[in-house]
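[1] Just the structure for this:
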Amino acid sequence: MTGKEYLAEFKNLNRSIEQMQEYIQELRERSVSISHPLQEIVVQHTPQHDKLADWASRIVDAEDQLVELSNQRIDMYSAIFKKIVEIPDLNQQSIMMARYLQLMKYDDVACDTGFSIQYVYELHSKGLKAFEKVFEGSEPA
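    Got it, this is the predicted structure:
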């Protein structure tokens, strides 16, 4: 795996977390619309499936998955941060952190740093090459 692919995995992980959060929100909204009818106590009958419990179970499962994804994100963020700070040029570090850890767009990075967009592209390109060197040096054989 290349350093660029590793950085892309982090971006995809963030996207998965956002999608899971949206899914949980949708489950919660749908579960609120379910009514649980009151029934008379019947001695013998076929048990009815509890829809509310099903929705609650789905929400709990999705939240567990979200926690797992979030833990993966924290670990990956930390690993990427440690590699970026090994890049010798501070401007390249700044651009790489903004692009890959803060998930900023090039225009926003340029605005934040006061650099021209062309210079941001140049720093990013050099920073990515430097990241590749750091990444290759730290990858287990």
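
[2] Mind giving me the packing neighbours of the helix ranked longest in the chain?
    Secondary structure assigned by DSSP state H gives helix 51-84 as the longest helix of the chain. When contacts are defined as 3 or more C-beta pairs under 8 Å, 6 or more residues apart in numbering; DSSP states H and E, helix 51-84 sits against helix 3-32, helix 117-138. For the C-beta atoms, the positions are set from N, CA and C on the backbone; glycine is no exception.

[3] For it, list every residue counted as buried.
    Within helix 51-84, the residues scored as buried using 16 or more other C-beta atoms under 10 Å are Trp55, Arg58, Ile59, Ala62, Leu66, Leu69, Met76, Ile80, Lys83, Ile84.

[4] try stretch 86-104
    Residues 87, 91-101, 104 are the ones in stretch 86-104 that count as buried (16+ other C-beta under 10 Å).

[5] What of stretch 111-121?
    Quick answer for stretch 111-121 (16+ other C-beta under 10 Å): Thr113, Phe115, Val120.

[6] State the distance from the second one to Pro88.
    The spacing between Phe115 and Pro88, counted by C-beta to C-beta, to the nearest Å, is 18 Å.

[7] same deal with Phe135?
    For Phe135, the distance to Pro88 - C-beta to C-beta - is 15 Å.

[8] so how many other residues sit close to Tyr106?
    15 (other C-beta atoms under 10 Å).

[9] Surely it and Ser125 touch.
    No - using C-beta atoms under 8 Å, Tyr106 is not in contact with Ser125, being 11.5 Å away.

[10] which intervals of this structure have sub-threshold pLDDT?
    Applying pLDDT under 70 to the chain flags the ranges 34-50, 139-141.

[11] run the last query once more with 80
    Under the criterion pLDDT under 80, the flagged ranges of the chain are 32-52, 138-141.

[12] Just give me how far stretch 95-110 sits from the chain centre.
    15 Å (C-alpha atoms, centre = their mean, to the nearest Å).

[13] before we move on, what about stretch 80-92?
    Put simply, stretch 80-92 sits 21 Å off its chain's centre (C-alpha atoms, centre = their mean).

[14] just use 47 as the starting number from now, easier for me
    In the new numbering, first residue 47, that becomes stretch 126-138.
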